[in-house]
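Asker: Mind folding the following:
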Amino acid sequence: MKIRIQVVIDAEDGEAEKIEDVARLERSSLRPEELGLTLAEARSLLRGMQQNTVTAQVGEYLARFASCPHCGRPRTHKGKHAIIYRTVFGKLNLASPRLYDCPCQKPGRHSSSPLAELLSMHTAPELLYLETRFASLMSYGLSVEVLSEVLPIADEITPATVRRQLHAVAERIESELGDEQFTFIEGCPNEWAKQPPPGPPLTVGLDGGYVHASDQKSRTEGWFEVIAGKSVKTGGSAKVFAFVNQYDEKPKRRLYEVLKSQGLQMNQQVVFMSDGGDTVRDLQTYLSPESEHLLDWFHITMRLTVMGQMVKGMVAELGPGDGDPATAALLADLKKHLESIKWNLWHGNVPHALQRIDEVDDGLEMLEKNPANKPKMLKAVREFRGYIVANQAFIPNYGDRYRHDETISTAFVESTVNYVVSKRFVKKQQMRWTQRGAHLLLQARAQVLNDDLRNTFGRWFPGMRAEPQAHWKEAA
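Answerer: Numbers count the residues shown, from 1 in each chain. Down below sits the predicted model:
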């Protein structure tokens with residue numbers, strides 16, 4: 001069997017249709033591996049169809065500029081140069097003529113290149129989209145391997161090219177972000193009351209992670225912090241965001257735009273949950289008048305668990321033959337005090353919890369025998385007291401919230417940090433990152449994870465349909 005595949009071009013200017021051969025295939029007896037097109041044949045076919053289609057399109061486009069639209073006089077050529085244009089189905093070498101402007105419009109010897117002005121990017125939007133999407137989910141090198149395997153662009157893209165293109169997309173996204181503001185609360189309570197009924201409450205969790213810095217001296221030092229968050233609409237969808245701390249100049253604007261994309265109104269309830277760090281505590285303020293700011297219970301109980309383990313270690317250090325009952329009694333009291341601290345904090349009783357913390361501090365000072373863990377325990381207790389004092393305004397009655405099925409923990413954000421940051425930047429990744437490179441990749445990655453990237457490209461390039469995409473995301 002012989003198969004001939006052709007492209008038929010029917011021009012709109014009345015010219016006869018053009019028929020171009022694209023591929024010739026031969027098939028003998030049917031075998032499983034030759035049923036239909038092979039991957040190599042499909043790549044060759046796509047490249048040939050792309051070349052013929054582009055040639056016809058460029059010819060028709062340049063024909064519009066061959067004559068002056070006002071007087072009909074033919075425009076003279078100054079010369080031509082080649083344009084390298086990268087597409088999903090191969091790299092194209094296009095001849096771009098330079099034409100003198102008609103004297104009836106511009107006296108003198110002015111010239112222009114219509115095709116060069118049209119194709120200023122030199123990369124097709126579809127290819128730019130695919131490079132950004134794949135590189136947001138996997139390493140730059142692996143993205144090149146996958147794209148080269150399935151598309152006829154082998155040896156035409158490199159990891160450096162993909163990285164540069166992704167940065168360009170992310171910088172364009174960043175350029176559309178509004179200016180940073182101290183507060184995003186607008187209007188007055190009377191105006192808020194007149195707004196339509198708000199949507200479901202939003203729960204926002206914030207947490208941090210760390211990424212290897214490119215200027216570190218060893219693998220054990222040189223990290224910078226990345227803040228990641230997730231905004232969850234009750235009974236609805238969720239959106240993630242991330243940025244490099246101390247590099248991003250618009251962190252509050254970034255969070256506000258995420259909330260705004262979920263339909264935030266000034267009369268809508270928003271619950272912010274964080275680990276109590278200074279960065280995330282400042283980030284969430286003055287975004288909504290109906291906001292509630294809570295300290296994550298997980299981070300409280302985690303610190304108490306660590307101190308409880310230290311007390312157990314101090315008991316173990318005494319040994320079974322130690323006959324000092326006073327020391328054993330003090331350590332038993334320390335354990336009871338830690339349990340009391342946890343109970344009081346669970347019920348939102350911060351003053352009593354602080355009293356118990358002071359009693360733990362005093363009890364440690366009274367220990368005559370100094371187990372090795374005592375200095376560590378003293379440091380942990382005093383840091384914990386400062387932590388509670390700094391965040392006491394954000395400590396609710398966790399027990400009451402738990403009984404009413406309200407959020408008390410940012411466990412969902414812990415998985416977000418792993419999902420947004422760790423899987424691409426840390427786990428099994430040997431790369432070291434600049435703050436700029438990490439920040440730009442985070443913006444593109446957030447767009448992909450939120451299923452917003454296709455819509456963004458559809459807004460930039462109206463010819464790209466915002467059609468539903470296959471879910472290429474990593475498993476959370």
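Asker: Could you identify the helix or strand that succeeds the longest helix along the chain?
Answerer: Longest among the helix segments of the chain by residue count, using DSSP state H, is helix 39-63. Counting by DSSP states H and E, the element after helix 39-63 in chain order, helix or strand, is strand 77-87.
Asker: Buried residues in the helix or strand just after that following strand, which are they?
Answerer: Next helix or strand after strand 77-87 toward the C-terminus (DSSP H and E): strand 90-100. By 16 or more other Cβ atoms under 10 Å, the buried positions in strand 90-100 come out as 90-92, 94, 96-97, 99. (Each C-beta comes from the backbone N, C-alpha and C, glycine too.)
Asker: picking that back up, counting contacts, what elements does the longest helix of the chain pack onto?
Answerer: Contact partners of helix 39-63 among helices and strands, from 3 or more Cβ pairs under 8 Å, 6 or more residues apart in numbering; DSSP states H and E: strand 2-9, strand 18-26, strand 77-87, strand 90-100, helix 114-118.
Asker: any idea where the strands of this structure begin and end?
Answerer: 2-9, 18-26, 77-87, 90-100, 111-112, 202-212, 223-233, 238-244, 270-274, 291-295 (DSSP state E).
Asker: re the thing from before, got the helices and strands packed on helix 39-63 as TSV, with distance to residue 307 columns?
Answerer: Converted to TSV, the helices and strands packed on helix 39-63 look like this (distance: least, Cβ to Cβ, whole Å):
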stretch	distance to residue 307
strand 2-9	73
strand 18-26	72
strand 77-87	58
strand 90-100	62
helix 114-118	67
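Asker: Mean neighbour count, those: which tops it?
Answerer: Counting by mean count of other Cβ atoms under 10 Å, strand 90-100 has the highest mean neighbour count of the helices and strands packed on helix 39-63, with a mean of 17.
Asker: Using PDB, write down the CA coordinates of that strand.
Answerer: Only the C-alpha atoms of strand 90-100 are listed here, as PDB (Å, rounded to 0.1, in the frame of the first residue of the first chain):
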ATOM      1  CA  GLY A  90       9.900  23.000  13.900                       C
ATOM      2  CA  LYS A  91      12.100  26.000  13.400                       C
ATOM      3  CA  LEU A  92      11.400  28.100  10.300                       C
ATOM      4  CA  ASN A  93      13.800  30.200   8.200                       C
ATOM      5  CA  LEU A  94      11.600  33.000   6.800                       C
ATOM      6  CA  ALA A  95      12.700  35.600   4.200                       C
ATOM      7  CA  SER A  96      11.700  39.100   5.400                       C
ATOM      8  CA  PRO A  97      11.900  41.800   2.600                       C
ATOM      9  CA  ARG A  98      12.600  45.400   3.500                       C
ATOM     10  CA  LEU A  99      10.400  47.700   1.400                       C
ATOM     11  CA  TYR A 100      10.700  51.400   0.800                       C
END
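Asker: Show me what that strand is packed up against.
Answerer: helix 39-63, strand 77-87, strand 111-112, helix 114-118.
Asker: What pairs with the shortest one, parallel or antiparallel?
Answerer: Which is strand 111-112. Strand 111-112 sits in its sheet next to strand 90-100 (antiparallel), going by DSSP bridges.
Asker: ok, residues contacting the partner strand?
Answerer: Contact partners of strand 90-100, identified using Cβ atoms under 8 Å, 6 or more residues apart in numbering, comprise 46-47, 50-51, 54, 58, 62, 65, 75-86, 109-116, 119, 152-153, 156.
Asker: repeat for stretch 380-388
Answerer: 276, 300, 303-304, 306-307, 310, 345, 350, 353-354, 357-358, 360-361, 364, 395.
Asker: Using TSV, lay out the helices and strands packed on helix 39-63 together with mean pLDDT.
Answerer: Shown next, in TSV, are those (pLDDT from 0 to 100):
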stretch	mean pLDDT
strand 2-9	85
strand 18-26	81
strand 77-87	88
strand 90-100	88
helix 114-118	89
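Asker: Nearest to residue 127, out of these?
Answerer: Across these, residue 127 has its closest neighbour in strand 77-87 (5.8 Å, Cβ to Cβ).
Asker: same for the closest one, what does it pack against?
Answerer: helix 39-63, strand 90-100, helix 114-118, helix 125-137.
Asker: Let's see that with 10 Å instead.
Answerer: The contact analysis (3 or more Cβ pairs under 10 Å, 6 or more residues apart in numbering; DSSP states H and E) places strand 77-87 against helix 39-63, strand 90-100, strand 111-112, helix 114-118, helix 125-137.
Asker: Quick check: which of these is buried the most?
Answerer: Mean neighbour counts for the helices and strands packed on strand 77-87 (mean count of other Cβ under 10 Å) peak at helix 125-137, with a mean of 22.
Asker: Please find the angle between the direction vectors of that helix and strand 77-87.
Answerer: Angle of helix 125-137 versus strand 77-87, following axes from the mean of the first three to the mean of the last three Cα atoms, to 10 degrees, is 40 degrees.
Asker: Return the list of helices and strands in contact with helix 125-137.
Answerer: Secondary elements touching helix 125-137 (3+ Cβ pairs under 10 Å, 6+ apart): strand 77-87, helix 140-150, helix 159-175, helix 423-425, helix 435-449, helix 453-460.
Asker: Tell me which other helices or strands the fourth one touches.
Answerer: I take that to be helix 423-425. helix 125-137, strand 202-212, helix 435-449.
Asker: In terms of mean pLDDT, which of the ones you listed ranks lowest?
Answerer: Confidence, taken as mean pLDDT, is least for strand 202-212 of those (a mean of 87).
Asker: quick revisit: need the helices and strands packed on strand 90-100 in JSON lines (columns: distance to residue 248).
Answerer: Converted to JSON lines, the helices and strands packed on strand 90-100 look like this (distance: least, Cβ to Cβ, whole Å):
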{"stretch": "helix 39-63", "distance to residue 248": "40"}
{"stretch": "strand 77-87", "distance to residue 248": "31"}
{"stretch": "strand 111-112", "distance to residue 248": "40"}
{"stretch": "helix 114-118", "distance to residue 248": "35"}
